[in-house]
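Asks: Here's my sequence, what's the structure:
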Amino acid sequence: MAEAAWQWLTSHLSESSLWLATAGVHTGTFVTFTGFFWIIQRFNLLHQYRIQKKSPPNDLAKEALREVIIKHLIVGPLSFWLLTPVARLTQIIDKTNPKMTPNAIFPPVTEIIAQIFFFILIQDTIFYWGHRALHTSFLYKLIHKKHHRFHQNIGIASEFANPVEDTINTIALIAGPFLMGTHLVTLWIWFFIRIWETVDAHSGYALPFPLSPFALFDVAKRHDFHHSQNRGCYGSFFGIWDILLGTDKEFKIFEQAKKEKQIKGEDEQKDNDPTGRGKKRKNVEDKTD
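Replies: Model (predicted):
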């Protein structure tokens, strides 16, 4: 069915239209996951996975919402339209390319996985060094401070940024696919994964695996620490550069202190109620509520 849909698209849509559909993948993924996290926060679902108990100010959230709506309705499509010649030059949307003919089949799964892994490495490298540069005193005040107005994260905060920072993030996103001249379907899958990852990182929730595959690398916890403490954890996905250069050291200390505090609190609770009756009584009360 998927290949039939692809054959229909390549038969009926022009190169430019196919490329602009990429903006639709971006927006659709962003709306899906920001909407999901808005719902669980609005109805207090999965609250046990909330990282911080506070929410950002309503005025800031409304400002960010207005901005991302404009970005997705106007700025995003315009940016993709301007990038059309580059996408054609790298053969991502070149219909003379055998990969783009109506009878073409999808690339092998192994090729898709290998290329996306490469995209992650390229993205994380550009993102890490660009992000770290934005934390220098001058660039922070001039550019990055806007994004850090969110001390408590929500999904839409992921795209609330200065235009210069948006440009750096866009370059990090498209550099890998453009360098490889990837299949358009692979690029769409990559966009889906990356947008999901950045919304998850800014969600304010540390959902467990498999609800969030990024939980394997503590993506949400790392980025929430970065926003709340305004230091360290500059990378994304695996946090490769943070690990190599030790810029996640303070995060690890912070997490260890939280665990020790939690263990201490549980021990104190047991000391105050060694029989465990209080806990049992609470469980009974919970069941009768």
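
Asks: Show the end-to-end separation of stretch 44-63, please.
Replies: 23 Å (C-alpha to C-alpha, to the nearest Å).

Asks: Ok, stretch 140-154 next?
Replies: With C-alpha to C-alpha as the measure, stretch 140-154 spans 21 Å from end to end.

Asks: Check stretch 132-145 too.
Replies: 13 Å.

Asks: quick one: buried residues of that stretch?
Replies: Arg132, Leu134, His135, Leu139, Ile143, His144 (16 or more other C-beta atoms under 10 Å). Backbone N, C-alpha and C define where each C-beta goes, glycine included.

Asks: Next, format the residues you listed as CSV and append pLDDT.
Replies: Output for these, formatted as CSV (pLDDT from 0 to 100):
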residue, pLDDT
Arg132, 97
Leu134, 97
His135, 97
Leu139, 97
Ile143, 97
His144, 97
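
Asks: okay if I get those residues as TSV plus secondary structure and distance to Leu173?
Replies: Formatted as TSV, the buried residues of stretch 132-145 follow (DSSP: H, G, I helix; E, B strand; the rest coil; distance: C-beta to C-beta, whole Å):
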residue	secondary structure	distance to Leu173
Arg132	helix	18
Leu134	helix	16
His135	coil	20
Leu139	helix	20
Ile143	helix	18
His144	helix	18
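
Asks: so can I have TSV of those residues showing distance to Gly235?
Replies: Listed next are those as TSV, based on distance: C-beta to C-beta, whole Å:
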residue	distance to Gly235
Arg132	9
Leu134	13
His135	12
Leu139	17
Ile143	18
His144	15
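
Asks: Between which two of those residues is the distance greatest?
Replies: Arg132 and Ile143 (12.9 Å; C-beta to C-beta).

Asks: Let's verify Pro208: helix, strand, or coil?
Replies: Secondary structure, DSSP: H, G, I helix; E, B strand; the rest coil: Pro208 is coil.

Asks: these two touch, right, it and Phe214?
Replies: No: between Pro208 and Phe214 there is no contact under C-beta atoms under 8 Å: 10.7 Å.

Asks: Which of these two has more residues huddled nearby?
Replies: Phe214 (25 against 12; other C-beta atoms under 10 Å).

Asks: How about the contacts made by that one?
Replies: Neighbouring residues of Phe214 by C-beta atoms under 8 Å, 6 or more residues apart in numbering: Glu197, Asp200, Ala201, Ala220, Phe237.

Asks: out of those residues, who's nearest Ala161?
Replies: Using C-beta to C-beta, those come closest to Ala161 at Ala201, 13.5 Å.

Asks: How many residues are close by the closest one?
Replies: Neighbours around Ala201, by other C-beta under 10 Å: 25.

Asks: Per-residue pLDDT of it, please?
Replies: Predicted confidence (pLDDT) for Ala201: 97.

Asks: mind listing what it touches?
Replies: With contact taken as C-beta under 8 Å, 6+ apart, Ala201 is in contact with Asn153, Ser158, Phe214, Val219, Ala220, Arg222, His223, Ser236.

Asks: which of those residues has the most neighbours?
Replies: Each of the contacts of Ala201 was scored for neighbours by other C-beta under 10 Å, and His223 scores highest at 28 neighbours.

Asks: wait, isn't it in contact with His202?
Replies: Yes: applying C-beta under 8 Å, one finds His223 in contact with His202, separated by 6.5 Å.

Asks: where do the contact lists of these two overlap?
Replies: Common neighbours of His223 and His202 (C-beta under 8 Å, 6+ apart) are Asn153.
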